[in-house]
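Novice: Mind folding the following:
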Amino acid sequence: MLPRSLPVELLKQILANDVLEQADLAACCLASRTFLAIARPLLYEAKALHLWRNKRATRKTWAWCSTIRATPEVAALVRKVRLIVPSAGLSWPRDEHVPTDAETPTLISEVLEKCTHLEHLLGLEGSLHWKLPEPRPFLATLRSLFYILFDDDAYSILCHTPNLQHLGLTLGHDWRVGVDPGAPAPTFSLSSLSLVGGFWNERSAEVFSVTLAKSHASLRSLQVPTSDVVKGLVDIAAFTSLETVSLSSAERDASAAHLLSKCGDFKTLQLRDVAGMTDEDDPALLPDLPLTAAALPASLKRIELPTSFGAYSGAVERLVDALPSHVRLDTLGVVPRRRHCEGRDGDEDQGDHDHEDKEWVELDKRCRELNITLVESRGTILPEDLLVADER
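Specialist: Alright, predicted model coming up:
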């Protein structure tokens, strides 16, 4: 007697497991029509496109792009695209199997044109500093756009993204755009907003005021540089429902405290890329910042740091002692030393991993003694389900 087939709903849960890799899903597509119907949408739902690094990664990207351009029904399955490109611009390694630098923007344009149901277009900070290619049929369905240089073309794009919820902008210095009183303004209500860069003028402040007009009550997560740029560009106090505040390129001066004092009753504070801080610094950095004053609200429950405590004895205790008496921390995020050292020269061995695990266990023990839950710092304000894994 043949075994009964599994219910389709159960197959969907199994194939959606994060343990499965792209090659596994591709193999499932060949198993049967039932598996094809379930596995193919998962296979093409999200893709990290490498536009540089090494021949193997770029060849896989080129092959994927060729499939998308040639198969509209597959392109319609794409929901999330992450672009991984050099901050200086688009560049492919020299290889006869991949496009030249001059051909790359055309390739990206043709691929995105086919992805008519694209919802999330993500990149590293700096990876969308080039103009988003036309045509742009996916704008109506787009929910996330990270990062794009905010210029005249970007404002036009935002006016046609009614469903946008998560937005990352790079503040450029070439502000030629003005607000036409008779033209339609952006209608989205953002949940997350990330700003990087440091250029603004009176015209850009006017554009920002119009762009964010409908997001004052909806915004939950805000990432900003702690500088005079933000004070002149955005009225932080207008966002009345902030839950997460992320400070990038934070300076050890009063600008951080001034900004935080405008953020209301937020619950999570992320610190990223603190200026002047090195690997040798004691990462119990709050005593060195004016963040320990009344600027921190009583609602604050979680702090995520951009570094690892490692073997710094008493660092957790010093951080907790540095908090104002009205703050009762219940969650602390740090970067595991293994991730903190990612990309550096030198080989890792099992002994290194064992040592890191012991450090984490010891740090977790100290946190639990203080009734604090230890977690990994996320390093982003984007929801976890929007992140696209980097397949190497």
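Novice: Tell me which helix or strand L190 sits in.
Specialist: Assessed by DSSP states H and E, L190 sits outside every helix and strand.
Novice: The stretch 151-300 of the chain: strands as residue ranges?
Specialist: Assigned strands in the stretch 151-300 of the chain, in chain order: 166-171, 192-197, 221-225, 244-248, 268-272 (criterion: DSSP state E, counting those that start in this stretch).
Novice: For my notes, please list those in TSV and give mean neighbour count for each entry.
Specialist: Quick note: C-beta positions are derived from backbone N, CA and C, even for glycine. Formatted as TSV, the strands of the stretch 151-300 of the chain follow (neighbours: other Cβ atoms under 10 Å):
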stretch	mean neighbour count
strand 166-171	23
strand 192-197	21
strand 221-225	23
strand 244-248	22
strand 268-272	22
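Novice: Of all the ones you listed, which one is nearest T61?
Specialist: Nearest to T61, of all the strands of the stretch 151-300 of the chain, is strand 166-171, at 21.7 Å by Cβ to Cβ.
Novice: what pairs with the closest one, and is each one parallel or antiparallel?
Specialist: strand 144-150 (parallel), strand 192-197 (parallel) (DSSP bridges).
Novice: so the last one versus strand 221-225, what angle?
Specialist: With axes from the mean of the first three to the mean of the last three Cα atoms, to 10 degrees defining the directions, strand 192-197 sits at 10 degrees from strand 221-225.
Novice: List the contacts of strand 192-197.
Specialist: 125, 146-147, 165-172, 212, 215, 219-225, 229-230, 233-234, 246, 248, 381-383 (Cβ atoms under 8 Å, 6 or more residues apart in numbering).
Novice: For the closest residue to V78 other than its chain neighbours, which residues are in contact?
Specialist: Spatial nearest neighbour of V78, chain neighbours left out: C115 (4.4 Å); criterion: Cβ to Cβ, 6 or more residues apart in numbering. Taking Cβ under 8 Å, 6+ apart as the contact definition, C115 lies against I68, A75, A76, V78, V81, F138.
Novice: In terms of pLDDT, where does the nearest residue to Y147 once chain neighbours are set aside sit?
Specialist: Ranked by Cβ to Cβ, 6+ apart and with sequence neighbours excluded, the top spatial neighbour of Y147 is G168, at 3.9 Å. Note for G168: predicted pLDDT of 89.
Novice: wouldn't G168 be in contact with A154 here?
Specialist: No: counting by Cβ atoms under 8 Å, G168 stays clear of A154, with 11.1 Å between them.
Novice: got any residues that touch both of these two?
Specialist: Common neighbours of G168 and A154 (Cβ under 8 Å, 6+ apart) are I148.
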